[in-house]
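J.: Here's a sequence, model it:
(chains A and B)
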Number of protein chains: 2
Amino acid sequence: MSDDAGPGRHNAITDVGGVYVGHEDRIGDGWATGTTVVLAPDGAVGGVDCRGGAPGTRETDLLAPENLVQQVHGICLSGGSAYGLAAADGVMRWLAERSHGFPVGAQPHEVVPIVPGAVIFDLPLGEWGNRPDAGFGYRACEAAATGPVTQGCVGAGAGAKVGALKGGIGTASTRVAAAGTSFTVGALAVVNAHGEAVDYATGRPWSAEDELAGEFAVTWPDRTAEKPTGGGTSLNTTIGVVATDAALTKAECQRLAMSAQDGLARAVRPSHSMFDGDTVFGLATGAAELPQTEGPFAVPMRAAVLDELCAAAATAFARAVVHSVLSATAVCATPAYRDVWPGAIGEA
Amino acid sequence: MSDDAGPGRHNAITDVGGVYVGHEDRIGDGWATGTTVVLAPDGAVGGVDCRGGAPGTRETDLLAPENLVQQVHGICLSGGSAYGLAAADGVMRWLAERSHGFPVGAQPHEVVPIVPGAVIFDLPLGEWGNRPDAGFGYRACEAAATGPVTQGCVGAGAGAKVGALKGGIGTASTRVAAAGTSFTVGALAVVNAHGEAVDYATGRPWSAEDELAGEFAVTWPDRTAEKPTGGGTSLNTTIGVVATDAALTKAECQRLAMSAQDGLARAVRPSHSMFDGDTVFGLATGAAELPQTEGPFAVPMRAAVLDELCAAAATAFARAVVHSVLSATAVCATPAYRDVWPGAIGEA
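T.: Got it, this is the predicted structure:
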């Protein structure tokens, strides 16, 4: 059904109109952590799927399809383990100062911004006590923008690891043409997984084959490397957001998030361990309506198109994981992909 | 099976050993809100049941029985709607300063305190912007103690309403003798419901009949009263904790919390509306083991005793709701039960 499956303009979650990304981080002087916000100040329908055994989350219950609140105004992704949940306080403050939120009074500023969030466990990379607070969330909002998204060891990915390698932030997007409409699906991942994203036997990321239009710009090394040691303890948890401009319900946003977890399952092995808090949020800004007609064999076209968006969400999330690995650079003695297979990146 | 079903020594959730309660609130000068903590610094197995349509919560995903973390170190209940989730930041800080938490490093102070939380919607009672922050959570911990628990318009109940009347904090406990062991079950409720807790036709709380040992100390008026007006907008959400000294699993703690929601259903009508975020946490400190033997008709004794604890949790939560109504006093033009039916309280 798709005849237009390339990446969006910036190959980033910000290719979905109305979605902004901002990072705030601190690296060095005993610090290696940060916060990334995915803002939808005018509201986006939200869902969530939590499949890790050790989640750290906030405001996920309200995302259940049967509950009242339909729209969220931002997602706060942060380092700092459960301490980092404080970053969302600053995101709420920034949004409230601009009257973005669920209205609860007669005045425009009387709003409660809806800011679900999740955290990664990056505490061992910095000194004890150095973790994001509300100020990180606020400043990440100040930095939020459309357009290209900085990847690698920034924002919530500053202290991230994936297996033995440095992890970080990755993003990707896909255009999906279906039922006569053009949709965009974007993903942003904070990759700090217990498992590995790369096959050490070949130097290929597990999801290398998901590449769209030469986006990775890598000549795969196709040679074995020793798994690095010395980067300290294994960390854990991959969190992220998938967004689309389609007009989805909360339940459909949950399904979009579920599909992104499939992308994670392909890109990180093992994923969803008892020590990972793997949580993905789904956002739908609603600019593009889904068809309500019936398709061949009495299949509802709405469900068929949703499935295309979900397949794109899975692949976009897996591609975002690959981008995070390729963009990462060594931090706090943890080597990056580019250190283990030097010369591969940028030679395509 | 029970032969000992009276209230515990203080008729409070603190009758469960190892459980501490602290309040922090601010009333007057445009303020009517606060925070209440239920601390188990040495850890208690935790569960949750969320049945309201508009929940505001934090760290509830980790309580799912299939997930890694087994024990929580405190529950943070707060006013301030979603803004009040910040209070848990201060609870974490207080616990971490004392090395209470999930160990994540070699040093005793390298811990992540597990502090799930939920909030009530009390914003209209105070001036805009006056809501609990991390300092409220920290100071509520400073005030935490065993022994009697102050009820009424304190802590997270400072700005609470139940239907047209002033709501607040209520607590109750029950001793349960089962299978040769004595257990204690306690409940603490922050009652801010969309529904009513009192039958205006008679002046009796819906759960008046759950009274244990004359605990309410009221001569029920048995006369009709007009439902008060002028207390402003209807507020919403009842949150709370049920705790026991039994050694329960996470799944069993969830069941304890589910039963407390049954108590809420009896005590507040309607409850669990689309505008309530009704959330109850279940805690088990583990001092008293459940039997593993088989009972009559091959019923596992463990399940049979759990059912007794759950029945006690339901009743204790309903009684806690009644205590909150009887203890409340007028705040910000919202009249209390004692104002509508004067003379009833204290004449028993």
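
J.: which parts of the lengthiest strand in chain A are buried?
T.: Determined from DSSP state E, the single longest strand within chain A is strand A:31-50. The neighbour-count check on strand A:31-50 (16 or more other CB atoms under 10 Å in any protein chain shown) flags A:31-41, A:43-50 as buried. All C-beta atoms are positioned from the backbone trio N, CA, C, and that covers glycine.

J.: Keep those residues, but drop any that are not near chain B.
T.: A:Cys50 (CB under 8 Å from any CB of the partner chain).

J.: just to revisit the earlier point, list the helices and strands the longest strand of chain A packs on?
T.: Using 3 or more CB pairs under 8 Å, 6 or more residues apart in numbering or on different chains; DSSP states H and E, the elements in contact with strand A:31-50 are strand A:20-28, strand A:71-78, helix A:87-97, helix A:134-142, strand A:181-191, strand A:238-246, helix A:250-267, strand A:279-288.

J.: right, and those - which one's nearest A:Thr329?
T.: strand A:20-28 (10.0 Å; CB to CB).

J.: Could I get the phi/psi values of whichever residue of the stretch 101-250 of chain A sits closest to chain B?
T.: Residue of the stretch 101-250 of chain A nearest chain B, by CB to the nearest CB: A:Val112 (5.0 Å). Phi and psi for A:Val112, reported as degrees, to the nearest 10, are phi -120, psi 100.

J.: Specify the beta-bridge partners of it.
T.: In this entry, A:Val112 is beta-bridged to A:Phe102, by DSSP bridges.

J.: how much space between the residue in the stretch 151-300 of chain A that chain B sits nearest to and A:Gly80?
T.: Closest contact between the stretch 151-300 of chain A and chain B, by CB to the nearest CB, is at A:Met274 (4.8 Å). As for A:Met274, its distance to A:Gly80 is 21 Å (criterion: CB to CB, to the nearest Å).

J.: How about A:Val37?
T.: 14 Å.

J.: swap in A:Ala243?
T.: 24 Å.

J.: and if you look at A:Arg98?
T.: In terms of CB to CB, A:Arg98 sits 25 Å off from A:Gly80.

J.: Up against chain B, what does the stretch 201-348 of chain A have?
T.: So the stretch 201-348 of chain A meets chain B at A:274-275, A:277, A:279 (CB under 8 Å from any CB).

J.: same question, the stretch 51-200 of chain A
T.: A:52-62, A:64, A:66-69, A:81-83, A:85-86, A:88-89, A:92, A:96, A:104-105, A:107, A:109-110, A:112-115, A:121, A:123-124, A:128, A:133-134.

J.: Could you tell me which of the residues you listed belong to helices?
T.: A:88-89, A:92, A:96, A:134 (DSSP state H).

J.: And the residues you listed, which of them are buried?
T.: A:88-89, A:92, A:96, A:134.

J.: Turn these into TSV, including pLDDT.
T.: Below are these laid out as TSV (pLDDT from 0 to 100):
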residue	pLDDT
A:Ala88	98
A:Asp89	98
A:Met92	98
A:Ala96	98
A:Ala134	98
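
J.: coming back round to it: I figured the residue of the stretch 151-300 of chain A closest to chain B was touching A:Gly53, is that so?
T.: Yes. Applying CB atoms under 8 Å, one finds A:Met274 in contact with A:Gly53, separated by 3.5 Å.

J.: residues in contact with the closest residue to A:Leu264 other than its chain neighbours?
T.: Closest residue to A:Leu264 apart from its sequence neighbours, by CB to CB, 6 or more residues apart in numbering or on different chains: A:Ser271 at 5.0 Å. A:Ser271 is in contact with A:193, A:195, A:238, A:261, A:264-265, A:278, counting by CB atoms under 8 Å, 6 or more residues apart in numbering or on different chains.

J.: More neighbours: A:Arg98 and A:Gly80, which one.
T.: A:Gly80 (27 against 14; other CB atoms under 10 Å in any protein chain shown).

J.: Need the pLDDT of that one.
T.: If you check A:Gly80, the pLDDT there is 98.

J.: Please apply the same query to the one 3 residues further on.
T.: A:Tyr83 is assigned 98 on the pLDDT scale.

J.: what's the burial count for it?
T.: By the criterion of other CB under 10 Å, A:Tyr83 has 24 neighbours.

J.: Wait, it touches B:Gly90, no?
T.: No. A:Tyr83 lies out of contact with B:Gly90 (CB under 8 Å); the separation is 11.6 Å.

J.: The longest strand of chain A: partners in the sheet, and parallel or antiparallel?
T.: Sheet pairing of strand A:31-50 (DSSP bridges) gives strand A:20-28 (antiparallel), strand A:71-78 (antiparallel), strand A:279-288 (antiparallel).

J.: What average pLDDT does the last one get?
T.: Right, strand A:279-288. Mean pLDDT, computed over strand A:279-288, is 98.

J.: ok, A:Glu142 - how many residues close by?
T.: 11.

J.: How confident was the prediction at the residue nearest to A:Glu127 when sequence neighbours are not counted?
T.: Of all residues not flanking A:Glu127 in the chain, A:Gly30 sits nearest, at 3.5 Å (CB to CB, 6+ apart). Note on A:Gly30: pLDDT of 96.

J.: where's A:Gly30 relative to A:Cys332, distance?
T.: 10 Å.

J.: Pull up the overlap in contacts between the two.
T.: With CB under 8 Å, 6+ apart as the test, A:Gly30 and A:Cys332 both reach A:Gly126.

J.: Among these two, which residue is more densely surrounded?
T.: A:Cys332 (20 against 13).

J.: my guess is the more buried one contacts A:Leu125, does it?
T.: Yes. Counting by CB under 8 Å, A:Cys332 touches A:Leu125, with 4.9 Å between them.

J.: next one: stretch A:54-66 to chain centre, how far?
T.: 16 Å (CA atoms, centre = their mean, to the nearest Å).

J.: and that stretch, which residues are buried?
T.: So, applying 16+ other CB under 10 Å, buried residues of stretch A:54-66: A:54-64.

J.: want to throw these into a markdown table with distance to B:Arg319 and pLDDT?
T.: Converted to a markdown table, the buried residues of stretch A:54-66 look like this (distance: CB to CB, whole Å; pLDDT from 0 to 100):
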| residue | distance to B:Arg319 | pLDDT |
| --- | --- | --- |
| A:Ala54 | 36 | 97 |
| A:Pro55 | 34 | 98 |
| A:Gly56 | 34 | 98 |
| A:Thr57 | 32 | 98 |
| A:Arg58 | 31 | 98 |
| A:Glu59 | 31 | 98 |
| A:Thr60 | 31 | 98 |
| A:Asp61 | 26 | 98 |
| A:Leu62 | 29 | 98 |
| A:Leu63 | 33 | 98 |
| A:Ala64 | 29 | 98 |
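
J.: CSV please, covering those residues and showing distance to B:Arg255.
T.: What follows is the buried residues of stretch A:54-66, written out as CSV (distance: CB to CB, whole Å):
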residue, distance to B:Arg255
A:Ala54, 22
A:Pro55, 21
A:Gly56, 24
A:Thr57, 22
A:Arg58, 25
A:Glu59, 25
A:Thr60, 21
A:Asp61, 18
A:Leu62, 23
A:Leu63, 24
A:Ala64, 19
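
J.: Tell me which entries of those lie within strands.
T.: Using DSSP E, these in strands are A:57-58.

J.: Check the helices and strands packed on strand A:31-50 for me and report the most buried one.
T.: Comparing the helices and strands packed on strand A:31-50 by mean neighbour count (mean count of other CB atoms under 10 Å in any protein chain shown), strand A:238-246 comes out on top with a mean of 32.

J.: pull the longest helix from chain A.
T.: Longest helix in chain A, counting by DSSP H: helix A:301-327.

J.: which one in chain A is furthest away from the centre?
T.: A:Phe297 (35.6 Å; CA atoms, centre = their mean).

J.: So that one: helix, strand or coil?
T.: helix (DSSP: H, G, I helix; E, B strand; the rest coil).

J.: How about A:Arg319: what's its closest non-neighbour residue?
T.: A:Ala172 (3.9 Å).

J.: Give the residue spans of the stretch 101-250 of chain A that score low on pLDDT.
T.: Across the stretch 101-250 of chain A, residues meeting the criterion (pLDDT under 70) sit at A:230-232.
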